[in-house]
Structures are given as structure tokens and as C-alpha cells.
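*Asks:* pasting the sequence and the predicted model now:
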Amino acid sequence: MSIRFETHDVDVLVIGAGGAGLRAAIEASALGARVGVVCKSLLGKAHTVMAEGGVAAALAHVDSKDSWKVHFRDTMLGGKMLNHWRMAQLHAQEAPDRVRELERWGAVFDRTSDGRILQRNFGGHSAPRLAHVGDRTGLEMIRTLQDFGVHQGLEVYMECTVTKLLLEGQRVVGAFAYWRENGRFVVFRAKSVVLATGGIGKAYQVTSNSWEYTGDGLALAYEAGAELIDMEFVQFHPTGMVWPPGVHGLLVTEAVRGEGGVLRNSTGERFMERYDPKRMELSTRDMVARAIYTEVKEGRGTPHGGAFLDISHKQADYVKKKLPSMYHQFLELADVDITKGPMEVGPTVHYIMGGVRVDPDSAASTVSGLYAAGEASGGMHGSNRLGGNSLSDLLVFGRRAGMGAAENAKKIPKHPDLEPAQIEAAEREMLAPFERTGGPSAYDIHARLQATMQSLVGIFRVEADLQKAIQEIGSLEREAARVTVTGAREFNPGWHLARDLRSMLLCSEAIARSALLRKESRGGHARLDYPKLDPEFGRKNTVAKKDGEAMSVTQSPLPEMPADLRAIVDAELEAVKV
Amino acid sequence: MKEAVFHVYRGDAKGGALQEYKVPVEEGMVVLDAIHRIQAHSAPDLAVRWNCKAAKCGSCGAEVNGKPTLMCKARLDAIPLDRPVTVRPMRSFPVIKDLVSDVKWNFEVNKKIPAFTPKKDAEWRWKQEDIDRVQEFRKCIECFLCQNVCHVIREHDEKARFAGPRFFVRVAGLETHPMDSLNRTQLLKDSMGIGYCNITKCCTEVCPEGIHITDNAIIPLKERVVDDHYDPVLKVFRLLVGKKAP
């Protein structure tokens, strides 16, 4: 039976055009696959563009003693040993090649005095390891991939949103989407699908994430039957802007601290001395975020409820050269000259460590034909991600996902027929909000979800709050099913939000339920009622999966690390008591 | 609380008009905040592009009181609020809906530029001073405000024969890259139409990244085009040494 909608056939469909999506698409294309890239925004606007501080890779240009083993160890310790060892290993081993490759494709990193790629310090990295371009590394990366990719024959479908993965039995065979511009539907037939859709920040009130970050890929994977692991681990970046209100949550790069910035509370005390005297400001993000939160909670916050972050002891020219975006961002949006005085900063939701469970080598999910890379995948960062390890993750596992997806596509001789019933159901689901009347507004439900997640599933969690959050999310889900959308289908943000909202609700439920199950504190998950690490929980991943109409959340054993890798981390492990 | 009156363009390719909305003014508020407030409270289908809200992605270009700007950077305390604030889409591109215009043409132009092509067997080392200028060009966030204000595009609509400042900046970044091996002056002269630019610097004035588009990118590129294609001395020299024009 023919399909009523515009239809495109590709070997590999990549959903998302940030670093991971573009790198996956480039690789799949290089292996001979016909590749389509679908993205919600214009090409080059994905969240990667906002990454600032750098890409972590043990190039050993600044500290010759650095190596993949040290990077591996730092990553495992930063993730409190919950990382998938194989992902952390591949990541540390392959990141240097991926960075050099980016340079061969035209990226222009800052230089050392002897003309090589310069590297800077970052929290949790025991050597200066982040290749960077001032504080706009993400822009450099995405533009390089974009300009390289457009000459590789990628078919890019911009401002197009996937609402459903199409299945044949247990296998992913395509996707249903709409064009934002005209609201028309489009169907993709694909032999493999790569999810590179990023995270979930928009489920929270205070976040560094853009409107796109609504957990679409996680929700699509879940609905297709894939497993989501470790969803309780949400990273609060310690330094977001706190004032003015319109920019609350905007990222203040960790590079400020990497370049020597110090944190002080309202009494002038350099409070990190009390939380992590050894690493101070360059402690891991989970630690610094909790420290700032605690200082504010205990009455030592700044006028707008944050901490002071000061880099003004450095030469003004140096600050402007190494942190140009921060300089302009504060000057223009907050009337603060950071070369003259301190910034006010506080925690902001930045990243989710959890995501689609994948095979480390091929990025294959637990559903046939479905792959995931970057923030949408889980396991790589364990319970807490180190700064700079995301951009390298995108490159390493974006490439691997492209390889895995292309190899799978080669094994499939022709596109399977799509089931008309699935497509019709996807269409009905999208049109229903126009046909209903008198229902609630998506904006209103979104605001209430954000308030719920912020107050009940925040930096510190407690059983009663999590129970309450799960109940509230449930009732918001019921309301979301009644949402009414007004206006036409052409570029209608209210309609777009109505769909994105359902992904956010699903991810929020997974976060809250996973957080409830993990009765310990580890990395990005801190429980006031279970404030310590628990070795039992340290051996388990949390797994959220669709079970009929309900969400099942269980635990599965962490993959066993081989002895040679174990030896790399063991020496340091004693020192940090993981 | 203080209130501001906004006149926001509502319409599509077929036409439209300014519509009035009242918005309470908060401290430090920008125009994009006001647009979001209008969306959430009065016009859920008001179309607008945005992503980062920090002038890093270049999505939210529009014309505020006639001035092309990123809405995320347009502070209300720098705009007179005793009269309505008008917000219109960028004028040089076709309107899709409300504040969203069709900028696809730019992506098509970009595809025509030959990619970075490194020299073979070169050593990948260079000084920071050698790339300061390249990095200036690579700061571009593709907001297309320079394209929007360039009179060759805005008044004369020469999109078929002229690539616009954004893509001169892109080419400048490639041509000055210490490792690039191509010469793109023929392209600049012919299909990119660099000759149409008469250096009025409108692009430079509007660039949110402060790139010196005219002085650092376009003028040096024009000089290269002249050297390669119009200089009689060099032409004779090439004839004598038998070197083909690039």
C-alpha cells in the first residue's frame, strides 16, 4: 500500500544534527550509506554550538605525562565508577584521533607556544587536557562538522521533528515526522536509525539548555522498547547565570575556573576549601554544584542567590582573549565587567548522564536497527560527567554509531514495507490537539512540570519529594493528553510544544522513578535520606523500560571491568574512597 | 509593574500586519523574553526562532524598531518604552510566518564554497598569531543579519549573483587558513559576485560578534581577486613563466 505522505528512503537516518549526529552522519556516509539527517532547528544551531570550554583528549601537548590511561582513570573516578568501562576506555583511547581529525577538517584550535593544539585545565581532569578555541569550542566543532558534512552528500532535513519511530515487529524501520515550516507530515524509511537528540534540560526551570532539549530521542527509544539506563543522574552545572531573571540558568563556562577563577561566598570565604581542599574550584561538577547550593541555602549566598565567581585578578586582555563570550555575555546581559569584578553564579541543569543503553563498540541500542550517541546515550559518564568529556564523547561515539548503523544497513537488502496503521496512528496523535476544545495549554503544563522537577527532583532529593513528583507527573500526563492547540499547522510553537511536552513528561517520570530506586548518593544523584555512597548500588545500573502501558524501573548488574583496566583505577580509588 | 507595548508582525507569505501585545517589564529583560511571554500568555502560535538565548547560536535575528538585531541581546532598558516597540522579521528574506523568515538560500550558497582542503605532507604546526585572523572569521554564528542589511541583497535582491558578507567571511577564513591549499578567487569574482560590494560597511556595523567583515574579510579578498585576475603586470609575468591562472 502506498503512503499518503512525502516519503524519503535512506539507509541511515540520523535524528539530531549536533556534534554526535553530524559525526555519525559523516561516518555512515563515508562507509557508503545513503544518509538523511533530521534536525529540529536550522543546521548549525544544535546545542553543541553552545559548548564553551573545550574537548577533552589526552594529546599530552601541555603535560607530556598525560595518556589515555590517565584520562580513563579520571573519567571513571569522576563518574564514581558507574561508567561503562568499555565506553570510558574507547573514549579515552580514541578522543585524541578524533580531535586531530577535526583539525584536518578545518577546525582552528588555540595553539601552544610551539605551535600545537593548546590544552587547558578543567574540573576532575588531572592534566591540562581540553583542546579549545577561547570559550567557543562548540561553535568551532559544529561549524567544522557542518561544512565538512555538506560536501559528503548528506541529505539534511532542517526544521523537521520526528514524533514516532516506525517498527516492523521488534525492529526499527523508519520514522514519522512533521515539517515545522508548514506542519505537513513526512515519512522516512530507513534501515538504521541513529538517535543523537541530546538531553532533557527543558524539563527543569533553571537550565542552560535550549528549547530543543526535551528528551525526544529518549522518549522515542523508550516507546520503541529500548532500555533507558541511569536516568536519575542529572548534571547540575555549578555555574549558571543567576541574574537577570531572563538569563537565569545560562551557562558560565567551567573554563573560567580552568583559567584560574575563584569561588567565594558572601562573607568573602573561598568556600571550596571546606568541600574539596585538594581540587578546590576544579573539583568535579557534582561537588561544586552541591557546594554552591549549600552555601546559598545556609545564608551565605550573593544578593541574587548564588556564589561569586571571580577572574578579575587576571589581566583584562587575557580574560578577553580566553573568555570572550563570557566577557560579552556578562557585559551585555548583566551589566557586569568580568575583568573588573566578580560574576554571580549558581547551579543550572546542564546534562543528563543517563540515556539509551548502548553497546559500547557499535552504539546499538537494545532494539534492532536503533542506535544512540552523545547525550542521548547512557553509560559513558557514569554518575557524573567531567567537563570537556561531552564534546569528545560526541566525536568518538558519533563516529561509532555511524559505523554501527551503516554496517547494519548493509546487511538489509531492501527497505521493509511500513505498516499503514502505525503511520495513521502517528498522524492521529499529532492532529488530536487541534480537534479537541477547552483543554489546557501546553505552555501551562510545561511550566508546572518545570516547577515540579526543579523543587522535587533537584540537586538534593528525598523519598517523600520523589513520591510526590511521580504523582504530579502522572497527573500532568493526564492533563497533557487533553491539551488543546489553537492556530494553524504552519510554524506553530504551541503545537510543537504539545508534542515535546510528552517527551519531557516521559523522561521526567523516568528520572523521578530511577531516583527513587537508587537509595544512595552518587555523582549527580544526591539523596538527603541516603547521603552516602553504597557499594551495593555501585554495582548496579538503573533500567527504565516500557512494560505494557506502565514504566518498569529495575536494576541490572554493572558490566565487569577487566583486571588490567581495574588496575589503572585501583591505585587512585583508595585515595578518593569510591 | 511597568508595562511595555509591543507591535509584533503577525502574518505569512500572503501578508500580515503588526499586532499589539502588552508585556510586564522585568529587570534586565530582552526582546526575546517579551516574545516568549507573549507566546505563553496571549499568542501560543506566535512563530519565532531561538535556541541559546546567549548570542551564541544566531537564531533569533529580527528587526526591532527597524534595527536588525539578535532579540536575545536587545535589552528593553536600551529601548524607549514610551512608545510601542515594533518587532518584524528580517526584511531581506521571504516571510514564513510571523518572525520566522526563510533563510534556506544561505545554506545553498554555502554548499558552493569548496571545503577546506589541506596541503599534503605539511607539518601541522603554526603560531597563535598566524591564526588570530582566521579565528576572527570563524567566530561567525550565522545569524545572517549581515546578509539582511547588505543593500545588494536588501535593496537589489541580487541573491542569484551575490553571495553576501557571511560567505565572504567564510571564504576569508579558508583563504587565510595556514594549511589550506585552494584558491577561491575565481569563485569570488564570478558566482559569488564580490565586485557588487561597494564597502558601505553595513554588515560590519550589525555583526553581533564584532567581526570586521569589511576591513578584514571583504577588502583583502577584493585585493586578491584584483591580483589574480586584473593586475596587468602579474598577467604578463604569468604568461612569461607559463603559470596558469589559478
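*Replies:* Everything's here; your move. Quick caveat: nothing in here was measured; it's all calculated off a predicted structure. Residues are numbered from 1 along each chain as shown, chains lettered A, B, ... in the order given.

*Asks:* residue ranges in chain B under the pLDDT threshold?
*Replies:* For chain B, residues meeting the criterion pLDDT under 70 lie at B:242-246.

*Asks:* tell me the centre residue of it?
*Replies:* Taking C-alpha atoms, centre = their mean, the centroid of chain B lies closest to B:F144, which sits 3.0 Å from it.

*Asks:* that residue contacts B:G58, doesn't it?
*Replies:* Yes - here B:F144 reaches B:G58: they are 7.3 Å apart, a contact under C-beta atoms under 8 Å. (Glycine included, C-beta is placed from N, CA and C.)

*Asks:* so which helix or strand takes in the spatially closest residue to A:L218 that is not a sequence neighbour?
*Replies:* Spatially, and ignoring its direct neighbours in sequence, A:L218 is nearest to A:C507 (5.3 Å; C-beta to C-beta, 6 or more residues apart in numbering or on different chains). Element membership for A:C507, per DSSP states H and E: helix A:493-517.

*Asks:* residues contacting the closest residue to chain A within chain B?
*Replies:* At 2.3 Å from chain A, B:G28 is the closest residue in chain B, using C-beta to the nearest C-beta. By C-beta atoms under 8 Å, 6 or more residues apart in numbering or on different chains, the contact list for B:G28 reads A:243-247, A:333-335, B:75, B:77.

*Asks:* narrow those residues to those in helices?
*Replies:* Among the contacts of B:G28, the members found in helices (DSSP state H) are A:333-334.

*Asks:* redo the contacts of B:G28 as CSV? Include neighbour count and distance to B:W126.
*Replies:* Converted to CSV, those look like this (neighbours: other C-beta atoms under 10 Å in any protein chain shown; distance: C-beta to C-beta, whole Å):
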residue, neighbour count, distance to B:W126
A:W243, 22, 41
A:P244, 19, 41
A:P245, 13, 44
A:G246, 23, 41
A:V247, 21, 36
A:L333, 22, 34
A:A334, 19, 36
A:D335, 12, 38
B:R75, 17, 39
B:D77, 12, 44
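
*Asks:* what is the nearest of the contacts of B:G28 to A:M380?
*Replies:* Comparing these against A:M380 with C-beta to C-beta picks out A:V247 as the nearest, at 29.8 Å.

*Asks:* surely the closest one is in contact with A:L333?
*Replies:* Yes - in this structure A:V247 lies within contact range of A:L333 using C-beta under 8 Å: 5.2 Å.

*Asks:* give me the common contacts of those two.
*Replies:* Shared contacts of A:V247 and A:L333 (C-beta under 8 Å, 6+ apart): A:241, B:28, B:54.

*Asks:* and which of those is nearest to A:H84?
*Replies:* B:A54 (32.4 Å).

*Asks:* since we're on the closest residue in space to the closest one that isn't next to it in sequence, how many residues are nearby?
*Replies:* Spatial nearest neighbour of B:A54, chain neighbours left out: A:L250 (5.1 Å); criterion: C-beta to C-beta, 6+ apart. The tally of other residues near A:L250 (other C-beta atoms under 10 Å in any protein chain shown) stands at 23.

*Asks:* next: the one 4 residues further on.
*Replies:* Using other C-beta under 10 Å, the number of residues around A:E254 comes to 30.

*Asks:* quick one: pLDDT of the closest residue to it other than its chain neighbours?
*Replies:* In this structure, A:E254 finds its nearest non-sequential neighbour in A:G387, 4.3 Å apart by C-beta to C-beta, 6+ apart. Looking at A:G387, its pLDDT reads 96.

*Asks:* and B:N148, what does it touch?
*Replies:* When contacts are counted by C-beta under 8 Å, 6+ apart, B:N148 touches B:61, B:68, B:90-93, B:154, B:206.

*Asks:* so what's the residue count around B:L145?
*Replies:* 27.

*Asks:* let me redo that: B:V233
*Replies:* Residues near B:V233, counting by other C-beta under 10 Å, number 8.

*Asks:* and if you look at B:E63?
*Replies:* Using other C-beta under 10 Å: B:E63 sits among 20 other residues.

*Asks:* which SS class is the nearest residue to A:G494 once chain neighbours are set aside?
*Replies:* Nearest in space to A:G494, with sequence neighbours left out and distances taken as C-beta to C-beta, 6+ apart, is B:P44 at 3.2 Å. On the three-state scheme (DSSP: H, G, I helix; E, B strand; the rest coil), B:P44 is labelled coil.

*Asks:* cool, and B:K139?
*Replies:* Three-state assignment for B:K139 (three-state DSSP): coil.

*Asks:* burial measure for the closest residue to it other than its chain neighbours, as a count.
*Replies:* Distances taken as C-beta to C-beta, 6+ apart place B:E209 nearest to B:K139, at 4.5 Å, with adjacent residues excluded. B:E209 sits with 23 neighbouring residues when counted by other C-beta under 10 Å.

*Asks:* now do the SS call for B:E209.
*Replies:* coil.

*Asks:* how about it, phi and psi?
*Replies:* Dihedral pair for B:E209: phi -90, psi 0, per degrees, to the nearest 10.

*Asks:* list the contacts for it?
*Replies:* Applying C-beta under 8 Å, 6+ apart to B:E209 gives the contacts B:139-141.

*Asks:* which residue ranges of chain B form strands?
*Replies:* For chain B, the strands defined by DSSP state E occupy B:3-12, B:15-24, B:61-64, B:67-70, B:85-88, B:95-97, B:100-101.

*Asks:* for A:R461, see how far away the residue nearest to A:L218 is.
*Replies:* As judged by C-beta to C-beta, to the nearest Å, A:C507 and A:R461 stand 16 Å apart.

*Asks:* between those two, which is the more surrounded one?
*Replies:* For A:C507 and A:R461, the more surrounded residue by other C-beta under 10 Å is A:C507, and the numbers stand at 30 against 25.

*Asks:* just give me the neighbour total for residue 230.
*Replies:* With no chain named, the answer covers chain A. Around A:D230 there are 30 other residues, counting by other C-beta under 10 Å.

*Asks:* could you do chain B instead?
*Replies:* For B:Y230, using other C-beta under 10 Å, the count is 10.

*Asks:* A:D11 - that's part of a strand, no?
*Replies:* Yes - assigned with three-state DSSP, A:D11 falls within a strand.

*Asks:* for the residue nearest to A:G494, give me phi and psi.
*Replies:* Per degrees, to the nearest 10, the backbone of B:P44 is at phi -60, psi -20.

*Asks:* what of A:Q235?
*Replies:* As for A:Q235, its main-chain torsions (degrees, to the nearest 10) stand at phi -90, psi 120.
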